[in-house]
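A.B. asks: 3D, please:
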Amino acid sequence: MKLRYDPESGALYVRVEEGAIEETVQHADGVYLDIDAGGRVIGAEFLTLKELAEAITAEGGRWELPERIENPDSYEASRAESLTRMRPARRPA
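C.D. replies: Presented below is the predicted three-dimensional model:
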């Protein structure tokens, strides 16, 4: 995994797999996923990192990228759907 942060814009890019980017789809407000020709999610860009961090914190949890997007043309996720995908982090007892 590779991370790239732009301090001027506040954007964060996370590259999780090597490969050629075939398409970029919007996952939520300020969150874009890069996918390869096979539909694998190979990277994610967070334009509003502060808002994303606040949403994750509010859920007390952890956010996972989808591994694959089968049909990029019909892939749409609203902020509410994105928050639903978040799972609470496990805390030690």
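A.B. asks: what residues are up against residue 19?
C.D. replies: 36, 40, 42 (Cβ atoms under 8 Å, 6 or more residues apart in numbering). The way it works is simple: take the backbone N, C-alpha and C, and place the C-beta from them, glycine included.
A.B. asks: is residue 20 located within a strand, as I assumed?
C.D. replies: No. Remark: residue 20 does not belong to a strand; assigned using DSSP: H, G, I helix; E, B strand; the rest coil, it is coil.
A.B. asks: for residue 10, what are its contacts?
C.D. replies: Applying Cβ under 8 Å, 6+ apart, the residues contacting residue 10 are 47, 48, 49, 50.
A.B. asks: turn these into a markdown table, including secondary structure and pLDDT.
C.D. replies: Below are the contacts of residue 10 laid out as a markdown table (DSSP: H, G, I helix; E, B strand; the rest coil; pLDDT from 0 to 100):
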| residue | secondary structure | pLDDT |
| --- | --- | --- |
| 47 | coil | 88 |
| 48 | coil | 78 |
| 49 | helix | 79 |
| 50 | helix | 80 |
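A.B. asks: you'd agree residue 68 is up against residue 36?
C.D. replies: No. The pair residue 68 / residue 36 is not scored as a contact, 9.7 Å apart, by Cβ atoms under 8 Å.
A.B. asks: neighbour-wise, which of these two wins?
C.D. replies: Using other Cβ atoms under 10 Å as the criterion, residue 68 and residue 36 rank with residue 36 on top: 17 against 10.
A.B. asks: quick one: the more buried one and residue 17 touch, right?
C.D. replies: Yes. In terms of Cβ under 8 Å, residue 36 counts as a neighbour of residue 17; the distance is 7.5 Å.
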